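Engineer: output the structure for:
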Amino acid sequence: MAETDDSDKTEEPSQKRLDEALQRGDVVKSQEVNTWFVMAGATLVLMSFSGGMSRDLSTTMRGLIANGWQIRVDGPALPHLFMTIGGEIIAAIGLPFLILIIAAAAGNFVQHRLVWSVQSLTPDLSKVSPLAGLKRQFSMQAVANLAKGLVKVVLVGAVLAALLWPERKHMEALVYADPAALLPFTASLALKLMGTVVAMLAVVAAGDYLFQYRQWYEKQKMSLRELKEEFKQSEGDPTIKGKLKQIRQQRSRKRMIAAVPKASVIITNPTHFAVALQYDRGMPAPICVAKGVDALALKIREIAGEHRIPIVENPPLARALHATVEVDQPIPPEHYKAVAEVIGYVMRLRRAVARR
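Structural biologist: Numbers count the residues shown, from 1 in each chain. As a prediction, this is how the structure comes out:
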């Protein structure tokens, strides 16, 4: 089968098409959104935990340096030393590191729900094809990535320059400042820079996500042929459905014809409609055992004549019953009175015939 040209994909994707894309791991993903979440998490860590981390780590290192001459490193003492230092470092950076992991994961979760798919891991020869690689280099995605890179470099560079330029004299004075003053100044300046970068990247991430979503949605669009094929797969081939419907109608007709001899009376139009009703004493209401129009109505009347079933002409009642009652179902209450008169007439007629 020939591959569908992208220019033919003019129809909106069906929900089935979108679900299949999700199952094979084809989802909307903007790397800029992931970058923004990581940067925001790093800014939160710097703002909330930098002081605690620096104090805990400096205490550990200060104690290690101050008491280094009496720390034993022979035999089992060395592994114990490594475990102690490692535990203190992990305790100091564990929570900030966990926040960064959560931020990195959140960057994916906000774009799409969790997907388990091995199809994306399946080797694809098109990824190593020189021609396919060349097309990717000059694709709309490549142009968008280049534009994003230039925008980020220009914006971030301009903002950093605007923030650092007023601080140039303070930064020059740091050469002669007390080393203890370097960390607070550096942390404050870094926090200001990262906060500004996060605010700018939020705009870039939002724009990139909208672009990626549009690209992904356009890729999921379908051609008319694909829509027809999907309809056949989900709803069935119309030809086969028509054939099955015809078979069901034939079987239903045979069942109705076989049930006509059980009828108590046939109500007709007289030529276009025929409704066969069965009523026995003790039944709450008469039941329709067969109904039909034209040829089927004629067949019902023929079988009724063969089995000497009374045929009563009542055009309004025949049309009403044919429209409102289903086969093997009792007649509606609104027709009780009219049908009761017909059945009563039939019973009186039978008693009169029996007396003769």
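Engineer: where does pLDDT dip in the stretch 151-300 of the chain?
Structural biologist: Within the stretch 151-300 of the chain, the stretches falling below the threshold (pLDDT under 70) are 175-181, 183, 233-238, 240.
Engineer: show me where it has strands.
Structural biologist: Listed from the start of the chain, the stretch 151-300 of the chain has strands (DSSP state E, counting those that start in this stretch) covering 265-268, 273-278, 287-293.
Engineer: most tightly surrounded among those?
Structural biologist: Using mean count of other Cβ atoms under 10 Å, the stretch among the strands of the stretch 151-300 of the chain with the greatest mean number of neighbours is strand 273-278 (a mean of 26). From N, CA and C alone the C-beta is placed, and that goes for glycine too.
Engineer: check which helices and strands that strand sits against.
Structural biologist: In terms of contacts (3 or more Cβ pairs under 8 Å, 6 or more residues apart in numbering; DSSP states H and E), strand 273-278 is packed against strand 265-268, strand 287-293, helix 295-306, helix 315-324.
Engineer: can I get those in CSV with distance to residue 353?
Structural biologist: CSV is the format used below for these (distance: least, Cβ to Cβ, whole Å):
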stretch, distance to residue 353
strand 265-268, 14
strand 287-293, 23
helix 295-306, 16
helix 315-324, 23
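Engineer: sorry, back to before: for the strands of the stretch 151-300 of the chain, which one sits closest to residue 256?
Structural biologist: The stretch from the strands of the stretch 151-300 of the chain with the least distance to residue 256 (Cβ to Cβ) is strand 287-293; that distance is 3.8 Å.
Engineer: where do the helices sit along the stretch 1-150 of the chain?
Structural biologist: 15-23, 31-66, 77-109, 130-137, 140-164 (DSSP state H, counting those that start in this stretch).
Engineer: among those helices, show me which one is buried the most.
Structural biologist: Mean neighbour counts were taken over those using mean count of other Cβ under 10 Å, and the top value, a mean of 16, falls to helix 31-66.
Engineer: distance between that helix and the chain's centre?
Structural biologist: On the basis of Cα atoms, centre = their mean, to the nearest Å, the separation between the geometric centre of helix 31-66 and that of its chain is 39 Å.
Engineer: now for residue 279, how many residues are close by?
Structural biologist: When neighbours are counted by other Cβ atoms under 10 Å, residue 279 registers 20.
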